[in-house]
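A.B. asks: Give me coordinates for this.
(one chain, ligands or ions: 1)
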Amino acid sequence: MIVKVCGITTKETARVVEASGADFIGFVFAPSKREISPADAKEIAKGLSPQIKKVGVFVNESVDRIIEIADLVGLDFIQLHGDEPDTIANSIPYPIIKAFVIDQVDVNSIKNYPCDYILIDSPGKKYRGGSGETFHWGRLDELGIDKDKLILAGGLSPENIQEAIITVKPVGVDVSSGVETNGIKDHHKINYFVENVRKSC
Ligand SMILES: O=C(O)c1ccccc1NCC(=O)[C@H](O)[C@H](O)COP(=O)(O)O
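C.D. replies: Residues are numbered from 1 along each chain as shown. As a prediction, this is how the structure comes out:
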């Protein structure tokens, strides 16, 4: 099971995410309360082992800018979290995670999208992601997504992650708000989340 912890903005939290055994660490390069500059993400990323994959989250960014940031930071995956058409994904020479919002996705939009993983998220609120809201997981059934490509996101937490995994059986899970306290990443919750994922597998 792939575990992605997203919205990292400090070296201290990045080290906790790495030590927790998470597989992917996410940096948000888009409007967000968790937005990080490419220079700061580079500083954090260079202190991490190659084992943990660095994911850059972008929303409707230009291909040139995505590649520039990916090269600078040393990203392993690009997460497209906006309305990017498949031509954008095809122009980026990095593995792609394509995020779709559960309310706005249908079988056809995901069927042939060129990506390594499909992340299904709840609708955004002020920003395009990181809402901390869950959605009705049963709605995934009608999309027929290959479970080997599905990363579940949206309001996951240490408390609900085991039920989510048993119900949805995705290849990966993604968390941001659910491992925060008062909007700040909570190191205890990060460890608790990853522990609970591993217990379910
Ligand atoms: O996390 C954000 O603030 C964010 C802002 C804009 C675009 C994407 C964003 N996050 C992307 C993620 O992968 C989040 O982990 C995902 O939306 C789930 O968030 P949460 O419901 O808070 O666990």
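A.B. asks: Strands of this structure, start to end?
C.D. replies: 2-5, 24-28, 53-58, 77-80, 96-101, 117-121, 150-152, 172-175, 180-181, 184-185 (DSSP state E).
A.B. asks: Any part of the second one near the ligand?
C.D. replies: Yes. In terms of CB under 6 Å from any ligand atom, part of strand 24-28 sits within range of the ligand, namely 26, 28. The way it works is simple: take the backbone N, C-alpha and C, and place the C-beta from them, glycine included.
A.B. asks: cool, and the last one?
C.D. replies: No. Looking at strand 184-185 against the ligand by CB under 6 Å from any ligand atom, there are no contacts, and the closest approach is 11.1 Å.
A.B. asks: now that strand, how far from the chain's geometric center?
C.D. replies: 16 Å (CA atoms, centre = their mean, to the nearest Å).
A.B. asks: Can you name every helix or strand that the lowest-mean-pLDDT helix or strand in the chain contacts?
C.D. replies: Lowest mean confidence among the helices and strands of the chain (mean pLDDT, DSSP states H and E): helix 107-111, at a mean of 90. Packing partners of helix 107-111 (3 or more CB pairs under 8 Å, 6 or more residues apart in numbering; DSSP states H and E): strand 96-101.
A.B. asks: Can I get the strand it packs on in PDB, CA atoms only?
C.D. replies: Provided in PDB are the C-alpha atoms of strand 96-101 (Å, rounded to 0.1, in the frame of the first residue of the first chain):
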ATOM      1  CA  ILE A  96       2.000  11.400 -13.400                       C
ATOM      2  CA  ILE A  97      -0.600  11.200 -10.700                       C
ATOM      3  CA  LYS A  98      -3.900  12.700 -12.000                       C
ATOM      4  CA  ALA A  99      -6.300  14.000  -9.400                       C
ATOM      5  CA  PHE A 100     -10.000  14.000 -10.200                       C
ATOM      6  CA  VAL A 101     -12.800  15.400  -8.000                       C
END
